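Novice: need coordinates for the below:
(chains A and B)
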Amino acid sequence: MGFQKIIIAMPALLQGAGLTILLTLVSIFFGLILGLLLALGRLSKNVFFDRLSQFYIWLFRGTPLLLQIFFIYYALPTFTPITIDALPAAFIALSLNSGAYLAEIIRAAIQSIDKGQMEASKALGMSFTQAMRRIIIPQSYRRLIPPTGNEFIALLKDSSLVSIIAMTELMRTTSLLANSSGNAIYYIPCAILYLAMTTIFTFVFGKLEKKYSVYE
Amino acid sequence: MIKLENVYKSFGKLEVLKNINLEVAKGDVVCIIGPSGSGKSTLLRCLNHLERITEGRTIIDGELIDEKIKGKDSLKISSKKVASICAELGMVFQRFNLFPHLTALENIIEAPFTVKKVTKETAIEQGTVLLKKVGLEDKRDEYPSRLSGGQQQRVAIARALAMNPKIMLFDEPTSALDPELVGEVLEVMKQLARDGMTMLVVTHEMGFAREVANRVIFMDKGEILEDSSPEEIFSNPKHERTKLFLQKIL
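Specialist: Next comes the predicted model:
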């Protein structure tokens, strides 16, 4: 009888899981772009960019994601003319937050590349930008993948926090079902779906890591 | 080709180069010998701006490329200009510094393609010729991790040559190699010298210095103590410290 309830609820749960994946993919995408810019800022000789990146990372790693979500969705409209809908607010909060974490991951990956690589590039007449783009950053991919996989999975689970601004992703769908029916059985398929998603993405990241290790 | 005038270099309080005056003519093969920490490598690295001098002037091929007077940068040259001059100096490193994510051929064509903007076809054609020159045409599609140290260093030499440098700088090119692999690298360098390349070689290979160099420079504690022909320096060293060093190493 519990099983039947789950079957009936499945489309709703899958839809919730779909939104969870969408939130995670979009946020990791913008988070990576933002993270790369912040990492380059941290590595820059320009003190201003370095400080700016440091400040950003300090701010977004040092406050709870939940607070950031509240701030963007509820607080911003109260003292600025900016009003953001729930979905874009969720994207923005998750991207801004993951950007801070990914920045440190990317910075560490770039810094772990042997100094001799930059020297060899310079000795061959390459500019800093050319060396970064053609030599250093491509080598950092492989080292980037395991911690980015971690961050991805953390983000996938943390995306449940946006249920607080009425985003019906997997977690909220489940609680709605559980609350309205008074039956806690829905938490089981919810857990299974989370595990299925994290398993799939762990596999994908493993493949990526292999792909970028061919030269080792 | 190369001229250093009253060059000083220090890292913080540590003076690594002291009043270096050196001229290298076209076609010269100059070996720089001396104990470790004597500033040999730093001297090379100051030439292509991997390090910046703290005092003096460096001139490459008639172009003033670095000038510091009383510690002040008295010369403003664009980083573009620096890069174009560095490209005239090929450099070979002790630890090879090949690009591990690129194959042997890709290592060689990378700089001609990105810096000189030659077409991929031309770069591949020239790269293949260079691989043949260092005897590795069958390794063109191998990644550096699959090559022996000697093979890696030969690819690194080919990579430097791909930019058609006027001068080649070698920074202890055989020091990181197993003894049985040293010969193949020295052979390539000898061939280069025979072809008339201007070379500056920091080395501990006294046999090579004796056979190939037309000048040998002995450095100690940041100073050039002797600069003469290999015959002279090996059989009749003038300076006490040169004698001591050669006694230990020969």
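
Novice: the residue of chain A found nearest chain B: neighbour count?
Specialist: When scored by CB to the nearest CB, chain A has A:Gly125 as its residue closest to chain B, at 3.0 Å. In this view, the C-beta of every residue, glycine as well, is placed from N, C-alpha and C. Neighbouring residues of A:Gly125 were enumerated by other CB atoms under 10 Å in any protein chain shown; the total is 25.

Novice: can you list contacts of the helix or strand hosting B:Lys132?
Specialist: Using DSSP states H and E, B:Lys132 maps to helix B:120-133. Contact with helix B:120-133 is made by B:104-105, B:108-109, B:112-113, B:118, B:137, B:139-140, B:155, B:158, B:161-162, B:188, B:191, as judged by CB atoms under 8 Å, 6 or more residues apart in numbering or on different chains.

Novice: taking those residues, tell me the two that lie furthest apart.
Specialist: Farthest-apart pair in the contacts of helix B:120-133 is B:Phe113 and B:Gln191; separation 25.3 Å (CB to CB).

Novice: does chain A sit close to the lowest-mean-pLDDT helix or strand in chain B?
Specialist: The weakest-scoring helix or strand in chain B, judged by mean pLDDT, DSSP states H and E, is helix B:79-86 (a mean of 78). Yes: looking at helix B:79-86 against chain A by CB under 8 Å from any CB of the partner chain, the contacts come from B:Ser79, B:Lys80, B:Ala83, B:Ser84, B:Cys86.

Novice: okay, now B:Leu136: neighbour count?
Specialist: Neighbour count for B:Leu136, taken as other CB under 10 Å: 23.

Novice: next: B:Val212.
Specialist: Number of residues near B:Val212 (other CB under 10 Å) recorded here: 20.

Novice: can you tell me the closest non-neighbouring residue to it?
Specialist: The spatially closest residue to B:Val212, leaving aside those adjacent along the chain, is B:Ala193, at 4.9 Å (CB to CB, 6 or more residues apart in numbering or on different chains).

Novice: do I have it right that the one you found meets B:Phe208?
Specialist: No: the pair B:Ala193 / B:Phe208 is not scored as a contact, 9.5 Å apart, by CB atoms under 8 Å.

Novice: now stretch A:149-168: mean pLDDT?
Specialist: On average, the pLDDT along stretch A:149-168 is 94.

Novice: kindly report the same for stretch B:2-19.
Specialist: On average, stretch B:2-19 scores 94.

Novice: got it, and stretch A:137-146?
Specialist: Stretch A:137-146 shows a mean pLDDT of 92.

Novice: same thing with stretch A:84-95?
Specialist: pLDDT averaged over stretch A:84-95 gives 95.

Novice: CA-only coordinates of that stretch in PDB, if you can.
Specialist: Provided in PDB are the C-alpha atoms of stretch A:84-95 (Å, rounded to 0.1, in the frame of the first residue of the first chain):
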ATOM      1  CA  ILE A  84      13.900  38.800  -8.200                       C
ATOM      2  CA  ASP A  85      11.600  35.900  -8.800                       C
ATOM      3  CA  ALA A  86      12.200  32.700  -6.900                       C
ATOM      4  CA  LEU A  87      13.800  30.700  -9.700                       C
ATOM      5  CA  PRO A  88      16.400  33.300 -10.800                       C
ATOM      6  CA  ALA A  89      17.000  34.100  -7.100                       C
ATOM      7  CA  ALA A  90      17.800  30.500  -6.500                       C
ATOM      8  CA  PHE A  91      20.100  30.400  -9.500                       C
ATOM      9  CA  ILE A  92      21.900  33.500  -8.400                       C
ATOM     10  CA  ALA A  93      22.300  32.500  -4.800                       C
ATOM     11  CA  LEU A  94      23.600  29.000  -5.600                       C
ATOM     12  CA  SER A  95      25.900  30.400  -8.400                       C
END
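
Novice: pull out the buried residues from the helix holding B:Lys132.
Specialist: If you call a residue buried by 16 or more other CB atoms under 10 Å in any protein chain shown, then helix B:120-133 has these buried ones: B:Ala123, B:Ile124, B:Gln126, B:Gly127, B:Leu130, B:Leu131, B:Lys133.

Novice: phi, psi for A:Leu13 please.
Specialist: Main-chain dihedrals, A:Leu13, degrees, to the nearest 10: phi -60, psi -40.

Novice: more crowded one of B:Phe113 and B:Gln191?
Specialist: The neighbour comparison of B:Phe113 against B:Gln191 (other CB under 10 Å) goes to B:Phe113, with 19 against 14.

Novice: could I get the contacting residues of the more buried one?
Specialist: Per CB under 8 Å, 6+ apart, neighbours of B:Phe113: B:Lys120, B:Ala123.

Novice: please apply the same query to A:Glu169.
Specialist: A:Glu169 makes contact with A:Gly16, A:Ala17, A:Leu19, A:Thr20, A:Leu23, A:Ser159, A:Ser160, A:Val162, A:Ser163, according to CB under 8 Å, 6+ apart.

Novice: save those as JSON lines, and put in distance to chain B and neighbour count too.
Specialist: Below are those laid out as JSON lines (distance: CB to the nearest CB, whole Å; neighbours: other CB atoms under 10 Å in any protein chain shown):
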{"residue": "A:Gly16", "distance to chain B": "40", "neighbour count": "25"}
{"residue": "A:Ala17", "distance to chain B": "36", "neighbour count": "21"}
{"residue": "A:Leu19", "distance to chain B": "37", "neighbour count": "20"}
{"residue": "A:Thr20", "distance to chain B": "34", "neighbour count": "25"}
{"residue": "A:Leu23", "distance to chain B": "33", "neighbour count": "25"}
{"residue": "A:Ser159", "distance to chain B": "33", "neighbour count": "26"}
{"residue": "A:Ser160", "distance to chain B": "37", "neighbour count": "20"}
{"residue": "A:Val162", "distance to chain B": "38", "neighbour count": "28"}
{"residue": "A:Ser163", "distance to chain B": "42", "neighbour count": "21"}
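
Novice: before we move on, back to that, for the record, mean pLDDT for the helix holding B:Lys132?
Specialist: On average, helix B:120-133 scores 96.

Novice: likewise stretch B:34-43?
Specialist: Taken as a whole, stretch B:34-43 has a mean pLDDT of 93.

Novice: one more: stretch B:190-201?
Specialist: For stretch B:190-201, the mean per-residue pLDDT is 96.

Novice: near chain B, which residues of chain A?
Specialist: Chain A has residues A:114, A:116-117, A:119-120, A:122-127, A:130, A:134-135, A:138-139, A:214-216 near chain B, with proximity defined as CB under 8 Å from any CB.

Novice: now these: which count as buried?
Specialist: A:117, A:119-120, A:122-127, A:130, A:134-135, A:139, A:215.

Novice: ramachandran angles for whichever residue of chain B sits closest to chain A?
Specialist: Going by CB to the nearest CB, chain A is nearest to B:Ala87 of chain B, at 3.0 Å. Torsion angles at B:Ala87 (phi, psi; degrees, to the nearest 10) stand at phi -70, psi -20.

Novice: state the distance from it to A:Leu144.
Specialist: Distance of B:Ala87 to A:Leu144, computed by CB to CB, to the nearest Å: 30 Å.

Novice: give me the distance from stretch B:81-93 to the chain's centre.
Specialist: Centroid separation between stretch B:81-93 and its chain, computed with CA atoms, centre = their mean, to the nearest Å, is 10 Å.
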